[in-house]
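Structure for the following, please:
(2 chains)
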Amino acid sequence: MGTRAPLERLHALLIRLHPSRFRARFGPPSQSLFVEWVSGGATDDEKRSRAQLAVLEACATLLSAWRELLVAPVHRLGRAVLGAGEIGRQGFVAGWRGIRTRPMQTVVVVLTLAIAVGANASLFAVARALLIRALPYEHADRVVIADRGGMVSMSGPREEFESMPGVEVVGQYFDGGSASLTTGDAAARVKLAHVSARFFDALGVHFVRGRALTEDDTGTRSAVIGHALWQDAFAGADDVVGRTLELNGLDYRVVGVASPEVSYPSAAQAWLSLPVESQFFGMAYGAKGLARLASIADRASIEAKMVEESLAESSGEAPPGFSRPSPRLVPLRAHLVRDLSGPLGILAGAASLVFVLGGLNLAGVWTSQVVGRRRELTMRRALGASRLRLCGQLVAETLAVTGLGCVAALAVAALVTEAARTRLPGELPGVSAVGVEPLTILVGFLLSGLMAVGFGGLAAWRGVRLSEARGGRGASQRTHRAQVGLVIAQGALALVLLIGAGLMVRSFQNLASEGLGFEPEHSLSLRIFLPEAEAPDADSRRDYLTELEQALAELPGVWSVGITDLPPLSDGMSGGFSVRRPGQADEREQVAIFSRATTEYFAAAGIPLLAGEPFAESGAERSVVIDAALAEALFGETSPVGELIEFHSWDGEAMAWRPFTVSAVVGSILSGGPRSRPTRRIYMDVRSGPGPTIGIVVRAGGPAGGLLDSVRETVASVNPRVVPFDVRTLDAAVADSLATDRALAAIGSGFSAAAALVAGLGLYGLIAQQVARRRREFGVRLALGAMPNRLILAVVRRAGWLGAAAIGLGVPGTLLGARVLESRLFGIASTDLATIVAGASFVLGMTVVASWIPARSIAFVDPRESLAAE
Amino acid sequence: MASQKLRMTPAIMHLLLSLAEGESHGYALLSDMDRRSRGAVNLGPSSLYYTLGRLADHGLIEEAEGPGASDEPHAEQRRYFRMTDVGREWLESELGVLTDIVDQARALGLRAEH
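Numbers count the residues shown, from 1 in each chain, chains lettered A, B, ... in the order given. Sure thing, here's the model as predicted:
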């Protein structure tokens, strides 16, 4: 008896450890039976033996009960997976057979997937490389650029900014510089930035050789070079640190090599120590700033504090016409892709529409397939196939053809991304990484799978419902209505894309035909930088320019050669000055851009001379040329030629009003391209004081492209150490300035053409199916004397109504959707009636063609044959 | 359908044979099985109920109300079971298989040992 009580407790414990289902049913009876059964033993030994056996058995049932509870569901799941696998295998085999037996539908599905998935996968690849991929800087998410009202700039002195809580390091830089790098006898143009000692810490740059610039380097002509420059100029030499870099004849000591892909700011190839070497920059304005924050979450609070301090510092109102910009801290990535996010957003919208349109098309094609198999599906349902099994198999059937479409889509994505990589501006971060990566392939698979499961699933469910329908007619009608709805939706989406693309194309045409005030045809421009070592003063620069001008003018085919400081459509800054007529009140002052030019420049660039003779000497005052806009603002209707004007400039000691005589008036130009704002302009004679940065415009008798090489050679022949840069025809410069608009118009047109094709295929499929289904009816009607053309017309007319419905749905959608394009459009409203009418006409025409092709077969129906076939 | 997943074991056979006589409770079933198998088949209380639960899940037996109030100790906790028609059918079919096997063994001149 002594051991019974512990065994009874142990048994009770074991029963409590059983799964709740057993405990609830048999827990108390088991324990009660234990007591009763053990008590029933004849002897103490038998009782002990019974108790021990009961405890052992309780252990066994404990294990069995838990095993059943835990393992059984796994077994069931395994069986379900095996069952689903078998359904999938059967469906896939049937789908693969369908690819061969339904070639037309296969082509439609593969084309649709190639377009819809290909467009989205390639857009994903581009967006990932540009917007999502990690930047080559340590914790780049914490780097911000100090931006002041569109112009990147430091807000206040560096020390004040750096002392703000949450700001770790502040760096300063001057960007946009360039110089000629001389290695032996060869010279090349290198993009430069001057940076402060802590610039690299703030940006988070790693070095493959040497180190960053330090405070000790300031004033010592030290340089960090980029990885590519290390490879090109030093052949990747290990001992590059300490060697010399000759820029415009000045020696810079290399202290480090930045890791690959580091190119901030402005695709710099080398970063030089301060102070700024002004000859590398021409007109360099103040330092720009970037900072590394302790946490990007602090950005808003630091920015708010900067705004507060900026307001406290600024006293008085901003001058009329000017607004006082607020300092902003822009995350580095947002700053780098600021010009891209808008166009990418538009493209993402278009690609999404194409995806939805493709999906609707697939749903239509697959629905028409299941409609054709209604008898088979009904029979399989009657033989006991479950809804799930039937649905699963129908979806699996779509997977085979979807697989083919996915491969085609990835091929399209590879082509499109390659085209994008070569056309995107090279200085964008991540452009070199644009391409079809494993993640893009995965996205392609996922999108294709989504299409198959989503839209294939819709069609499969329709098929299952059809197979269960009693009487059939109502279900058929519902299915037909659904197909019609799909076709209308496709037409509407295609119309939205067509009108969007039409607006982009019209906008691009407007931009391309916009008068710039100069004639880019038959002209080329180039820029040179005269190193101080080659031409140290104004006289030597003048001599050089005279020699170069003559050499260029002697080239065969050259009509005229003009010299300026900044050719049209070139990156760079020109100074603005206040201008007035002598004795005029302050409020009549105008702000004008100050440029330098030779007399021949106007003819070379095709800027019309409206009055007077440029730079003709008149009395003691120096003469200037003004453009028509400034002439009108200062003189109104009266002729300004021979009149005096004054502009406010530095005379060596102080700012003062200096008088000039207007010698001529020329046409106004849009020097920044068609989207740039017109500016008033004053030209001074370049010979009065040429700077080191010089622009040359050459006008030829015919296309200027053929002269580019000989112009380069001529510059080299005059002085081999002067390297021309930005050598291009003005036509090419205009085309470059419109690159984004052209790309948007081209890609938009491509998307809309694809959309129209997909929608047309959808309509074609629907009408072909209807014509095939009504073949007997047509046969009867033809036998009764109906004219084939009238039957065809009836089919086309019915399709025309579908087109009209699509237009009715699509036009309001377009009016809502086109607003997102508004900011990119030029010279055309997003509600432009002509474009909307053209788009609607196209959809209607497409409807007629897509229905007429299959409807034509009615004419070939043999009444006897079609009657006999039934 | 469910009975296909249940294997006929000596313990199940004896339990069903006991229940074939009429409804019974746990203690009586254990005693009866001990007697029938001459001590060869031993089940403890938890194994008995676990097995009865599985037989009930397969529809071979079902719980019964029992004779009602009783003065016997443990009577309140006793659970009564009886065989269902499905259970009887299954038992008879299994017995048929066994009989067939025994007949064939006898035809070969083999004799069962007890």
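
Residue A:37 versus the closest residue to chain B within the stretch 551-700 of chain A, what's the distance?
In the stretch 551-700 of chain A, the residue that lies nearest chain B is residue A:675 (77.7 Å; Cβ to the nearest Cβ). All C-beta spots, glycine's among them, are computed from the backbone N, C-alpha and C. Here residue A:675 is placed at a distance of 97 Å from residue A:37 (Cβ to Cβ, to the nearest Å).

ok, the two, which is more surrounded?
Each of residue A:675 and residue A:37 has its neighbours counted (other Cβ atoms under 10 Å in any protein chain shown); residue A:37 has more, 25 against 14.

Next one, pLDDT for that one please.
Residue A:37 carries a pLDDT score of 87 in this model.

Residue A:54 is in contact with that one, correct?
Yes. Between residue A:37 and residue A:54 a contact is recorded at 6.7 Å, counting by Cβ atoms under 8 Å.

which residues are common contacts for those two?
B:44, B:45 (Cβ atoms under 8 Å, 6 or more residues apart in numbering or on different chains).

Name the residues of chain B found near chain A, please.
The interface of chain B toward chain A, taken as Cβ under 8 Å from any Cβ of the partner chain, is made up of B:26-27, B:30-31, B:42-50, B:52-53, B:73-74, B:77-79.

residue ranges with poor pLDDT in the stretch 551-700 of chain A?
Counting by pLDDT under 70, the stretch 551-700 of chain A shows low-confidence ranges at A:571-575, A:585-588, A:617-621, A:651-652.

And the strands in it?
Secondary structure of the stretch 551-700 of chain A (DSSP state E, counting those that start in this stretch): strands at A:558-564, A:576-580, A:590-597, A:609-612, A:623-627, A:644-650, A:655-666, A:681-685, A:693-700.

who are the neighbours of the last one, in terms of helices and strands?
In other words, strand A:693-700. strand A:523-529, helix A:538-553, strand A:558-564, helix A:599-605 (3 or more Cβ pairs under 8 Å, 6 or more residues apart in numbering or on different chains; DSSP states H and E).

Quick one: list the elements packing against the first one.
Using 3+ Cβ pairs under 8 Å, 6+ apart as the contact criterion, the elements in contact with strand A:523-529 are strand A:167-183, strand A:693-700, helix A:708-718, strand A:725-729, helix A:730-737.

go on, the third one?
Contacting strand A:558-564 under the criterion 3+ Cβ pairs under 8 Å, 6+ apart are the following elements: helix A:538-553, strand A:590-597, helix A:599-605, strand A:693-700.

got the angle between it and strand A:681-685?
100 degrees (axes from the mean of the first three to the mean of the last three Cα atoms, to 10 degrees).

on that earlier part again, how about the helices and strands packed on strand A:558-564 in a markdown table, adding mean neighbour count?
Converted to a markdown table, the helices and strands packed on strand A:558-564 look like this (neighbours: other Cβ atoms under 10 Å in any protein chain shown):
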| stretch | mean neighbour count |
| --- | --- |
| helix A:538-553 | 16 |
| strand A:590-597 | 21 |
| helix A:599-605 | 24 |
| strand A:693-700 | 25 |
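
how about these in a markdown table, adding distance to residue A:219?
What follows is the helices and strands packed on strand A:558-564, written out as a markdown table (distance: least, Cβ to Cβ, whole Å):
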| stretch | distance to residue A:219 |
| --- | --- |
| helix A:538-553 | 27 |
| strand A:590-597 | 31 |
| helix A:599-605 | 39 |
| strand A:693-700 | 24 |
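
For residue A:291, which of those is the nearest?
Ranking the helices and strands packed on strand A:558-564 by proximity to residue A:291 (Cβ to Cβ) places strand A:693-700 first, at 30.6 Å.

Tell me who's in contact with the residue of the stretch 551-700 of chain A closest to chain B.
A:511, A:737, A:826.

any chance of the residues you listed in CSV, plus distance to chain B?
CSV is the format used below for the contacts of residue A:675 (distance: Cβ to the nearest Cβ, whole Å):
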residue, distance to chain B
A:511, 77
A:737, 79
A:826, 75
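
Now the helix or strand containing residue B:54: average pLDDT?
Secondary structure from DSSP states H and E places residue B:54 in helix B:45-57. For helix B:45-57, mean pLDDT is 89.

Return the list of strands paired to the helix or strand following that helix, each annotated with direction.
For helix B:45-57, the following helix or strand on the C-terminal side (DSSP H and E) is strand B:61-64. Partner strands for strand B:61-64, per DSSP bridges, with pairing direction: strand B:80-83 (antiparallel).

Check which residues of the strand it pairs with are buried.
B:80, B:81, B:82, B:83 (16 or more other Cβ atoms under 10 Å in any protein chain shown).

how many neighbours does the residue nearest to the first one when sequence neighbours are not counted have?
Nearest non-adjacent residue to residue B:80, counting by Cβ to Cβ, 6 or more residues apart in numbering or on different chains: residue B:66, 3.8 Å away. Residue B:66 has 16 neighbours, counted by other Cβ under 10 Å.

Please compute how far whichever helix or strand residue A:806 is part of lies from its chain's middle.
Using DSSP H and E, residue A:806 maps to helix A:788-817. Relative to its parent chain, helix A:788-817 has a centroid offset of 34 Å by Cα atoms, centre = their mean, to the nearest Å.

measure residue A:251 to chain B for me?
Using Cβ to the nearest Cβ, to the nearest Å, residue A:251 is found at 91 Å from chain B.

Tell me who's in contact with that residue.
By Cβ under 8 Å, 6+ apart, the neighbours of residue A:251 are A:221, A:244, A:245.

Pull out the buried residues from the residues you listed.
For the contacts of residue A:251, a burial check counting by 16+ other Cβ under 10 Å picks out residue A:245.

So which of the contacts of residue A:251 is the closest to chain B?
For the contacts of residue A:251, the minimum distance to chain B (Cβ to the nearest Cβ) is 83.7 Å, reached by residue A:245.

and residue A:95, that one's in a strand?
No. Per DSSP: H, G, I helix; E, B strand; the rest coil, residue A:95 lies outside any strand segment and is helix.

Give me the pLDDT for it.
74.

In this model residue A:400 seems to touch it, though I could be wrong.
Yes. With contact defined as Cβ under 8 Å, residue A:95 reaches residue A:400; the gap is 3.3 Å.

Please identify which of these two sits among more neighbours.
Each of residue A:95 and residue A:400 has its neighbours counted (other Cβ under 10 Å); residue A:95 has more, 24 against 20.

Quick one: residues contacting that one.
Residue A:95 makes contacts with A:396, A:397, A:398, A:399, A:400, A:401, as judged by Cβ under 8 Å, 6+ apart.

What is the neighbour count of the third one?
Residue A:398 sits with 27 neighbouring residues when counted by other Cβ under 10 Å.

what are the phi and psi angles of it?
With angles defined as degrees, to the nearest 10, residue A:398 sits at phi -70, psi -20.

any idea what sits nearest it, other than its immediate chain neighbours?
Excluding the flanking residues, the one nearest residue A:398 by Cβ to Cβ, 6+ apart is residue A:456, at 3.6 Å.

wait, what's in contact with the one you found?
Contacts for residue A:456 (Cβ under 8 Å, 6+ apart) come out as A:362, A:363, A:366, A:394, A:395, A:397, A:398, A:399, A:402.

Over to residue A:766?
Going by Cβ under 8 Å, 6+ apart, residue A:766 touches A:364, A:368, A:483, A:484, A:487.
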